[in-house]
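Asker: okay, predicted coordinates and the sequence, questions at the end:
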Amino acid sequence: MSGLLELRAGLYRWTATHPEAELAPEPGSPADWGPHVGSVAYVAPDALVLVDPLVPADRGHVRGELDALVRRQGQRVAILTTLQFHFRSREELAARYSASTSRAKKTLPQGVETVPIRGAGETMVWLPEHGALIPGDRLIGDEHGGLRLCPDSWLRYLSSGMGRPELREALHPLLDLPIEMVLVSHGEPVLTEGRHALAQVLG
C-alpha cells in the first residue's frame, strides 16, 4: 500500500486494501482480484480530479494527503467512476470536498476525456497531457509489468453477452491514442510504452 505517489507533475496514484477483497479467491472467479487497488488524482487546469478513489478508515494519512492537495489547488474537486463496482469512497469524498460526480462531457474538467467501452459496462478516463489511460476492470496488470484482459467471469453480468473476443474488439480503438501510461486499478500500472503493452494484449 502506498501514500500519494507523484508519477508526473500533477499526476498521483495511491493504493489501498479494498475491504471486500477475498484473501484466497478462486482463480478466474469474479472475486479473483488482489486486495490492493489503485486510485488516481490529477491536477487539471480547473479542477482536482479523483478517479475511482478508495480511502478506507485505516488510510488516514492518505486522506490527510488528499486534504492537503485539495487545499493547495484551491479549486473544485471532480470524482469520476469508471464502472459501477468502483464507487468505493466516492460518496464520502464527494461530501468531504463538495465534489461533483458526473461524467457528462459538459461538466468534465479541462484536459480530461472519457472513453466509453461499448458493451463492456465501463468508461475509461483519458488524460492527454500525460498520455495516461485509466481503466476500471477491463484492463488489469499482469505479473510481468504488462497488461491483461480481465477474466471471463468478470464479464458474465453484462447484458451485452460480451466475452473476451468481443472485449478485445471493443478495446481496439484505444490503440489510436498516444498512450504512455496505463494506470490500472488492479495490479501494477504500466508507466512507459503503454500503447505497446496494450497492443500486446489486443494482438
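Answerer: Right, received. Where do you want to start?

Asker: can you report how many residues lie near Pro35?
Answerer: Using other CB atoms under 10 Å, the number of residues around Pro35 comes to 16. Placement of C-beta: from N, CA and C, glycine included.

Asker: now Leu158
Answerer: Leu158 - counted by other CB under 10 Å - has 15 other residues nearby.

Asker: roughly how far does it sit from Ser185?
Answerer: Separation of Leu158 from Ser185 (CB to CB, to the nearest Å) stands at 18 Å.

Asker: hey, which helix or strand in this structure has the poorest pLDDT?
Answerer: Ranked by mean pLDDT, DSSP states H and E, the weakest helix or strand in the chain is strand 2-8, scoring a mean of 90.

Asker: show me where this structure has its strands.
Answerer: 2-8, 11-17, 36-44, 47-51, 77-80, 113-117, 122-127, 132-134, 139-141, 147-149, 181-182 (DSSP state E).

Asker: as JSON lines, those with mean neighbour count and distance to Thr192 would be great.
Answerer: As requested, the strands of the chain are exported to JSON lines (neighbours: other CB atoms under 10 Å; distance: least, CB to CB, whole Å):
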{"stretch": "strand 2-8", "mean neighbour count": "14", "distance to Thr192": "11"}
{"stretch": "strand 11-17", "mean neighbour count": "20", "distance to Thr192": "14"}
{"stretch": "strand 36-44", "mean neighbour count": "21", "distance to Thr192": "17"}
{"stretch": "strand 47-51", "mean neighbour count": "25", "distance to Thr192": "20"}
{"stretch": "strand 77-80", "mean neighbour count": "24", "distance to Thr192": "24"}
{"stretch": "strand 113-117", "mean neighbour count": "15", "distance to Thr192": "21"}
{"stretch": "strand 122-127", "mean neighbour count": "21", "distance to Thr192": "15"}
{"stretch": "strand 132-134", "mean neighbour count": "25", "distance to Thr192": "12"}
{"stretch": "strand 139-141", "mean neighbour count": "24", "distance to Thr192": "14"}
{"stretch": "strand 147-149", "mean neighbour count": "20", "distance to Thr192": "13"}
{"stretch": "strand 181-182", "mean neighbour count": "24", "distance to Thr192": "7"}
